[in-house]
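K.L.:
this one's structure only:
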């Protein structure tokens, strides 16, 4: 997800954790018109044409041809492509393709389709489900629903943003500027790299860049609902996927079925505020990690949390001055080490890897740090990239976030980050690629109320570093039918992260329509 139009880009994908036991809370009943038992579509879907926007009937009326395809868990998967308009303001303005995968409900007679998005922007929803629908949404929902994964426009197997080859992407992400951080030469080199990247995106993306927006992706989401034959949208969105889901609810409140938005983005905050809040959130998560690390025998730091954070700051400054050589020829500087740190803070389950990475880095070995950074960027061991998430990430954010901050606002944000996130602050600033994007942003930052929508469940985790808890509180308050569920704990997102309380609330809502009590708190 976007940080800001000037601050450096940091993580926002979905790290899925295994389930564990936890407490539970109280539910209350409310009848909704969400999912209703419907026959599972066969080899050719029966589209739902109700309320089709004028001029787009041919898209909503297409019948889907499903073919069998592989999933990692051996379930019944099938795949198709859906044609969508390039420009939802012009039905004759060209087409794009959306890649879709479906895992049939284990119960046979599905409650309907459950569409999913893992976050990003730029993460592959197709891969999320192909890797394991049960892992992505839990066993119970995989039994009851046809679970749908799809790559949004610009992403992966869909009509995709295409920029650098693997070699050039390595240089863009990992090469270290020759001049010192913050100097004119440093800024000039990053600006030149950004121009090369943008020029490559323009050349490789066949005119789609101005149309890679969350607003268009939300309209694609309604198209998928229609061609799948569902009267209303049932949807589980994580991280950036909450912004996609909230945007859908804004555009189509009458078509909201059962929506769960986990790890929410506040749609009303500016890009600058997003970046500032994330910096503080990651600093908080890093301190929580450090407190845990200091209790173990393998921790490479000693003393109090403050002392250990100061020592980590010294390590970052050291590799910023003298990068660590990796066996593949890459050098680990402070930016790549910070990427590794940020990537590992998404889940407590990856804290062990962070300890290994920092221990090795203190000894001059960057191997595990690069392993974490490569995981974040989707880089394979052979140097290829498994997806285009780094490219799609930038494409969406450059179009979604308006340029609306003054220098005074920027200076105030910089001062706040320096005060509240002193370890992260020196490596948070960068040169914004969006300053050279070929099309001006069309997105807006505003409160979303979605008047008339069925209940929308928003899940927030109290020490979520990527989508801080306050954003979930804000989104639930904004939505006229918002219901807040709180997971007390560490890490990004709350469903399928070890809390029976959260998991039961989500499953009951999707399966029976039982809406969690607003304010449900899962300790």
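P.N.:
Sure, I can see it. Since the model is a prediction, treat every value here as computed from it, not as a measurement.

K.L.:
ok, residue 423 - contacts?
P.N.:
Residue 423 is in contact with 283, 286, 309, 312, 313, 316, counting by CB atoms under 8 Å, 6 or more residues apart in numbering. For glycine as for every other residue, the C-beta is placed from the backbone atoms N, C-alpha and C.

K.L.:
ok, of these, which one's closest to residue 198?
P.N.:
Closest to residue 198 out of the contacts of residue 423 is residue 316 (28.7 Å), distances taken as CB to CB.

K.L.:
contacting residues for the closest residue to that closest one other than its chain neighbours?
P.N.:
Closest residue in space to residue 316, ignoring its immediate chain neighbours: residue 334 at 4.9 Å, by CB to CB, 6 or more residues apart in numbering. Counting by CB under 8 Å, 6+ apart, residue 334 touches 181, 316, 317, 319, 320, 426, 427.

K.L.:
So which of those are in helices?
P.N.:
The helices, defined by DSSP state H, take in 316, 317, 319, 320 from these.

K.L.:
Touching, residue 110 and residue 102? I think so.
P.N.:
No. Between residue 110 and residue 102 there is no contact under CB atoms under 8 Å: 9.8 Å.

K.L.:
hey, what's in contact with both of the two?
P.N.:
The contact lists of residue 110 and residue 102 share residue 146, where a contact means CB under 8 Å, 6+ apart.

K.L.:
okay, those two: which has more neighbours?
P.N.:
residue 102 (27 against 22; other CB atoms under 10 Å).

K.L.:
Any chance of the backbone angles for the more buried one?
P.N.:
Residue 102 adopts backbone torsions of phi -130, psi 130, taken as degrees, to the nearest 10.

K.L.:
how close does it get to residue 330?
P.N.:
The gap separating residue 102 from residue 330 is 39 Å, by CB to CB, to the nearest Å.

K.L.:
May I ask which helix or strand encompasses residue 485?
P.N.:
strand 482-490 (DSSP states H and E).

K.L.:
and what of residue 92?
P.N.:
Secondary structure assignment for residue 92, by DSSP H and E: strand 90-103.

K.L.:
Would you map the strands across the stretch 51-200 of the chain?
P.N.:
For the stretch 51-200 of the chain, applying DSSP state E, counting those that start in this stretch gives strands covering 67-68, 77-87, 90-103, 113-117, 146-150.

K.L.:
got the angle for the longest one vs strand 146-150?
P.N.:
By that I understand strand 90-103. Relative orientation of strand 90-103 versus strand 146-150 (axes from the mean of the first three to the mean of the last three CA atoms, to 10 degrees): 130 degrees.

K.L.:
what helices or strands is the worst-scoring helix or strand of the chain on mean pLDDT leaning on?
P.N.:
Lowest mean confidence among the helices and strands of the chain (mean pLDDT, DSSP states H and E): helix 133-137, at a mean of 87. Here helix 133-137 is seen to pack against strand 113-117, strand 146-150 when contacts are counted using 3 or more CB pairs under 8 Å, 6 or more residues apart in numbering; DSSP states H and E.

K.L.:
need those strands in a markdown table with mean pLDDT, can you?
P.N.:
Putting the helices and strands packed on helix 133-137 into a markdown table (pLDDT from 0 to 100) gives the following:
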| stretch | mean pLDDT |
| --- | --- |
| strand 113-117 | 98 |
| strand 146-150 | 97 |
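
K.L.:
for those strands, which one sits closest to residue 229?
P.N.:
Nearest of those to residue 229, taken as CB to CB: strand 113-117 at 7.8 Å.

K.L.:
starting at the chain centroid, how far to stretch 401-421?
P.N.:
Once both centres are worked out by CA atoms, centre = their mean, to the nearest Å, stretch 401-421 turns out to sit 23 Å from its chain's centre.

K.L.:
now do stretch 427-436
P.N.:
Taking mean C-alpha positions (CA atoms, centre = their mean), stretch 427-436 and its chain are 19 Å apart.

K.L.:
quick one: average confidence on it?
P.N.:
Per-residue pLDDT over stretch 427-436 has a mean of 92.

K.L.:
Counting neighbours, which bits of it end up buried?
P.N.:
Buried residues in stretch 427-436, counted by 16 or more other CB atoms under 10 Å: 427, 428, 429, 430, 431, 432, 433, 434, 436.

K.L.:
so who does the first one touch?
P.N.:
What it means is residue 427. 8, 316, 320, 334, 335, 338.

K.L.:
Looking at the contacts of residue 334, which one is closest to residue 342?
P.N.:
Nearest member of those to residue 342, counting by CB to CB, is residue 427, at 9.7 Å.

K.L.:
Report the separation between the closest one and residue 327.
P.N.:
Separation of residue 427 from residue 327 (CB to CB) stands at 24 Å.

K.L.:
Go ahead and confirm residue 55 touches residue 91.
P.N.:
Yes. Counting by CB under 8 Å, residue 55 touches residue 91, with 3.8 Å between them.

K.L.:
okay, the two: which has more neighbours?
P.N.:
Comparing residue 55 with residue 91 by other CB under 10 Å, the one with more neighbours is residue 91, at 17 against 13.

K.L.:
OK, contacts around the more buried one?
P.N.:
55, 56, 58, 59, 85.

K.L.:
ok, of those residues, which come out buried?
P.N.:
56, 59, 85.

K.L.:
what residues are up against the first one?
P.N.:
Meaning residue 56. Shown in contact with residue 56 (CB under 8 Å, 6+ apart): 85, 88, 91, 223.

K.L.:
Let's see that with 7 Å instead.
P.N.:
For residue 56, the contact set (CB atoms under 7 Å, 6 or more residues apart in numbering) comprises 85, 91.

K.L.:
And the pLDDT at it?
P.N.:
pLDDT for residue 56: 96.

K.L.:
same question, the last one
P.N.:
On pLDDT, residue 85 comes in at 98.

K.L.:
give me the beta-bridge partners of it?
P.N.:
Listed by DSSP bridges, the beta-bridge partners for residue 85 are residue 95.

K.L.:
contacting residues around it?
P.N.:
Residue 85 touches 56, 59, 91, 93, 95, counting by CB under 7 Å, 6+ apart.

K.L.:
separation between the last one and residue 211?
P.N.:
Distance check for residue 95 against residue 211: by CB to CB, it reads 11 Å.
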